[in-house]
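Student: Here you go, sequence then predicted model.
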Amino acid sequence: MGLSQILVQKQTQKLVMTQDLRQSIELLPLSTLELAERIQNELLDNPLLEEVVNPEKSKLEIISFQEVRKKEIQDSLKNSDISWQDTYSIDGPYYYRDNEASNRYQKLIESNSKSTTLSEHLLEQLRLFSLSKSEFELGELLISMLDEKGFIPHSSQELSRELNLPLKSIEKLRSIIHQLDPIGLGAKDIQDTLLIQAQLLYPNDENLCILIRDYLKDIEKLDYKKISKAMKISLDEIDYLRKKISTLQPFPASPFNSHKTDYIIPDLVVHETEGEFNVILNDEWLPKLSLTKDYKQFLLKSKTTSEKEYFDSKINSAKWLIRSIHQRRQTLLRVMNCIIEFQIDFFRKGIHYIKPLTLKDVADKLSIHESTVSRITTNKYVQTSWGILELKWFFSTGVRSQAGEVESSKKIHEIIKNLIKSEDPENPLSDQDIVEHMKAQGIEIARRTVAKYRKILKILPANYRKRLKK
């Protein structure tokens, strides 16, 4: 059959992702802190966008169920193609930013003082050694090769070939770096740094070095009998050596990796008043935006086509940013109130009353797309009477009970944690034992599911827990 090229005309439908629509979608998954940073960047980039300040504006906006439902009804009656001027007038009122809140936010960001870096700390010590200029430069180079854990994951032979330098020089400087504070830096991996620390701190304990060099994996598995037979030492001696190993630092650079503390600032606050749950938007310190009052004069003064196009694009960008922020706030409120409706028993009684919930459940309830729910619940936190929780936490799969109801996996996690917390250390609960306890509470669950949840909770198997207790 011969090949040929022909012209065919056909009609198709597809979604065109405009820059403005992309910006609106991009704002949804941002946390409040990230949104604040994004707004500051836009204020710097767009000369027609300005921040409005009015300290007399209330700090928090409280939205009740009834108000949200009323707003939803009003929105549904409006035409979806309603113009921007009708929904959010440029010359109308704006949200305002609270100066006190802004100052508190700035102090929170700048609260941590600058500390000495690991490289600076090591170079200060390296200068105390009698080294030639070339040796010091090599030491400086090796220090710069340390990763965040304090390792140089290459052998001295590999470094010698790669740097085209004598092996003796590299081994000499690497040995010096091993001895600097904190000791054990410059090793290849965890086992290597533990061995170096053991040799420096316990130079006369040969068994400790042998244990780290040859039987570290067996120590991890708590297989004392195998080690005892191979090294011909008692179980008590092995346990004594293990305790020594626990005093060593597997990641020697960790004391210098204390990054600035990431504070969780809840985006929403839920509190109960006279049996009704109110949702508070915690965004009082966000910059509140409007178009500059002189934006029309910029358009009138534009002499060239390029100038007019520039100001037109900046005006449209400012409008869409303000509108996107407004839509993000409304979507966040709607989703949070919907979660409260689904999880009302949790908010009143606690974690044992959490129910299975999917993104689709919320999306269907609010008549929005599932991806919108996913984006708006990403990187968002809510403060409740049961603690600060990520919005994603409220979504979980379910396990069917004997009564035919579906129990949340979050509830199962909590039951497993409580069972193991109260178990007899001498006779820890096996996965099958946990299955039986669940069955007694009317929850049907497979043993492999218990094992899966136990791994998620980072709980060791029963035999390991028993050895560790001993």
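Tutor: Yes, it's here. All values reported here derive from a predicted model rather than from experimental measurement.
Student: all strands of the stretch 251-400 of the chain, in order?
Tutor: Under the criterion DSSP state E, counting those that start in this stretch, the stretch 251-400 of the chain contains strands at 268-273, 276-281, 289-291, 381-384, 387-390, 398-400.
Student: Below-threshold pLDDT in this structure: ranges please.
Tutor: Within the chain, the stretches with pLDDT under 70 are 1-4, 12-24, 54-115, 258-262, 295-296, 298-303, 398-406, 469-470.
Student: Without its sequence neighbours, what residue ends up closest to the residue most central in space within it?
Tutor: The structure's the chain has its C-alpha centroid closest to residue 379; by CA atoms, centre = their mean the separation is 7.3 Å. For residue 379, ignoring the flanking residues on the chain, the nearest one in space by CB to CB, 6 or more residues apart in numbering is residue 31 at 4.0 Å. For glycine as for every other residue, the C-beta is placed from the backbone atoms N, C-alpha and C.
Student: How about residue 368?
Tutor: Nearest to residue 368 is residue 331, by CB to CB, 6+ apart, at 7.5 Å.
Student: Identify the residues contacting the one you found.
Tutor: 28, 368, 372, 376 (CB atoms under 8 Å, 6 or more residues apart in numbering).
Student: Let's see that with 10 Å instead.
Tutor: 27-28, 366, 368, 372-373, 375-376 (CB atoms under 10 Å, 6 or more residues apart in numbering).
Student: Repeat that for residue 362.
Tutor: When contacts are counted by CB under 10 Å, 6+ apart, residue 362 touches 334-336, 338-339, 341-342, 368, 370, 372-374, 376-377, 394-395.
Student: mind running it again at 6 Å?
Tutor: By CB atoms under 6 Å, 6 or more residues apart in numbering, the residues touching residue 362 are 338, 373.
Student: and if you look at residue 145?
Tutor: Taking CB under 6 Å, 6+ apart as the criterion, residue 145 is in contact with residue 152.
Student: how much space is there between the residue nearest to residue 379 and residue 268?
Tutor: 12 Å (CB to CB, to the nearest Å).
Student: In terms of neighbours, single out the busier of those two.
Tutor: Using other CB atoms under 10 Å as the criterion, residue 31 and residue 268 rank with residue 268 on top: 23 against 15.
Student: where along the stretch 351-470 of the chain do the helices fall?
Tutor: Here the stretch 351-470 of the chain has its helices, by DSSP state H, counting those that start in this stretch, at 359-366, 370-376, 409-421, 431-440, 447-456, 462-469.
Student: Of those helices, which is nearest residue 123?
Tutor: Judged by CB to CB, the one of the helices of the stretch 351-470 of the chain that comes nearest to residue 123 is helix 462-469, at 40.9 Å.
Student: what's the angle between that closest one and helix 447-456?
Tutor: With axes from the mean of the first three to the mean of the last three CA atoms, to 10 degrees defining the directions, helix 462-469 sits at 40 degrees from helix 447-456.
Student: Could you export the strands of the stretch 251-400 of the chain to a markdown table, including columns for distance to residue 7?
Tutor: Output for those, formatted as a markdown table (distance: least, CB to CB, whole Å):
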| stretch | distance to residue 7 |
| --- | --- |
| strand 268-273 | 56 |
| strand 276-281 | 56 |
| strand 289-291 | 47 |
| strand 381-384 | 56 |
| strand 387-390 | 54 |
| strand 398-400 | 55 |
